[in-house]
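S.K.: The following block contains a protein sequence and its predicted model.
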Amino acid sequence: MTHANYNRRFRSKKQGTLRTPPRKLVSFELGNIYYAVPIERVQRVVKDFHAYGFLNNGQSLVRHQEELITLINLSKIFPSSRSIADCKYLIICSLNKSDRLGIPIPNMPKILEISEERFCEIPQLYRQQELPPVIEKLIRAPDGSEVFYINFDLFSEM
């Protein structure tokens, strides 16, 4: 066996064992539907907040540490029975360098560690122009539930 053959065989075995580290996500439930956002975008989770300036699309504002934050209404994406009044927690996320986005949720969020293989495409037939592009993937969570993954980089397309 030549040295080159040995290296090639060894290299292919080693590449087979390389795995991407699991991604950390913050997961939350709204109206029996689970969502997840990348943990690196979450700045903090706030308990007890006061929203004001409601628009017809369900969005509103909250002031946190002298900063105005837009609250997103995820029931625009999936109609849910939850009103903002039922929400006790606020996930504050960074959308880009200057903008912050608040997601009002009823219960404390959870941390998920999900391997890349558990992310899958949402079927086009289901999507059919109804589902906004920010809902990028579907995740099969370790507990067997399905979780919609929100990609903040796509918010400009909403």
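M.R.: Arrived safely.

S.K.: Only C-alpha atoms from now on, for both contacts and neighbour counts.
M.R.: Will do.

S.K.: ok, residue 116 - contacts?
M.R.: Residues in contact with residue 116, defined by Cα atoms under 8 Å, 6 or more residues apart in numbering, are 20, 22-23.

S.K.: what does residue 153 give?
M.R.: By Cα under 8 Å, 6+ apart, the contact set of residue 153 is 95, 134.

S.K.: what do you get for residue 73?
M.R.: Contact analysis of residue 73 by Cα under 8 Å, 6+ apart lists 57-59, 103-104.

S.K.: will you turn the residues you listed into a markdown table that also has distance to residue 132?
M.R.: Below are these laid out as a markdown table (distance: Cα to Cα, whole Å):
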| residue | distance to residue 132 |
| --- | --- |
| 57 | 14 |
| 58 | 15 |
| 59 | 15 |
| 103 | 16 |
| 104 | 18 |
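
S.K.: and these, which of them are in strands?
M.R.: Judged by DSSP state E, the subset of those located in strands is 103-104.

S.K.: how near is residue 113 to residue 143?
M.R.: Here the distance between residue 113 and residue 143 works out to 12 Å (Cα to Cα, to the nearest Å).

S.K.: Name the residue in those two with the higher neighbour count.
M.R.: Applying other Cα atoms under 10 Å to residue 113 and residue 143 shows that residue 113 carries more neighbours, namely 14 against 6.

S.K.: what about the nearest residue to the more buried one once chain neighbours are set aside, helix or strand, and which?
M.R.: Ranked by Cα to Cα, 6 or more residues apart in numbering and with sequence neighbours excluded, the top spatial neighbour of residue 113 is residue 24, at 4.6 Å. Secondary structure here is read from DSSP states H and E; on that basis residue 24 sits in strand 23-30.

S.K.: Which neighbouring elements make contact with the next helix or strand after that strand?
M.R.: Per DSSP H and E, the first helix or strand lying C-terminal to strand 23-30 is strand 33-38. On a contact count with 3 or more Cα pairs under 8 Å, 6 or more residues apart in numbering; DSSP states H and E, strand 33-38 meets strand 23-30, strand 146-150.

S.K.: In CSV, list those along with mean pLDDT and mean neighbour count.
M.R.: CSV is the format used below for those (pLDDT from 0 to 100; neighbours: other Cα atoms under 10 Å):
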stretch, mean pLDDT, mean neighbour count
strand 23-30, 93, 18
strand 146-150, 94, 19
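
S.K.: As TSV, those with distance to residue 39 would be great.
M.R.: Converted to TSV, these look like this (distance: least, Cα to Cα, whole Å):
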stretch	distance to residue 39
strand 23-30	5
strand 146-150	11
